[in-house]
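A.B. asks: Got a sequence here, can you build the structure:
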Amino acid sequence: APTLSALIPRRRRSQRLVSDALNNRGWIADIHGTLHPRAVIEYVELWRLLQTIQLSNEPDKLSWKWTADGSYSARSACVQ
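C.D. replies: As a prediction, this is how the structure comes out:
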């Protein structure tokens, strides 16, 4: 949603956590300026997608899909 993203101050975009933005729809309050037609379309599309997302309190888990055990190494990156 590049048009919509441009209506959110850069500082806010760089500081906002996904969990903060999704809780109580906090990301909506970050939008400033005039919502042009393209931004409204992006807003509605984003709203639809975000309605189904539920975050857990568990820490994130990173997994490297190119190794059997999911762990990253410089060697595994070079093989790809």
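A.B. asks: what packs against the strand or helix carrying Arg38?
C.D. replies: Arg38 belongs to helix 37-50 when assigned by DSSP states H and E. If contacts are counted by 3 or more CB pairs under 8 Å, 6 or more residues apart in numbering; DSSP states H and E, helix 37-50 sits against helix 2-5. Any C-beta I mention is one placed from the backbone N, CA and C, and that applies to glycine too.
A.B. asks: Can you work out which other helices and strands pack against the helix it packs on?
C.D. replies: helix 37-50.
A.B. asks: re the thing from before, next secondary structure after the helix holding Arg38?
C.D. replies: Using DSSP H and E, the helix or strand that follows helix 37-50 in sequence is helix 74-79.
A.B. asks: ok, residues contacting that next one?
C.D. replies: Residues outside helix 74-79 that contact it (CB atoms under 8 Å, 6 or more residues apart in numbering): 64, 66-67.
A.B. asks: List the buried residues for it?
C.D. replies: By neighbour count with 16 or more other CB atoms under 10 Å, helix 74-79 contains no buried residues.
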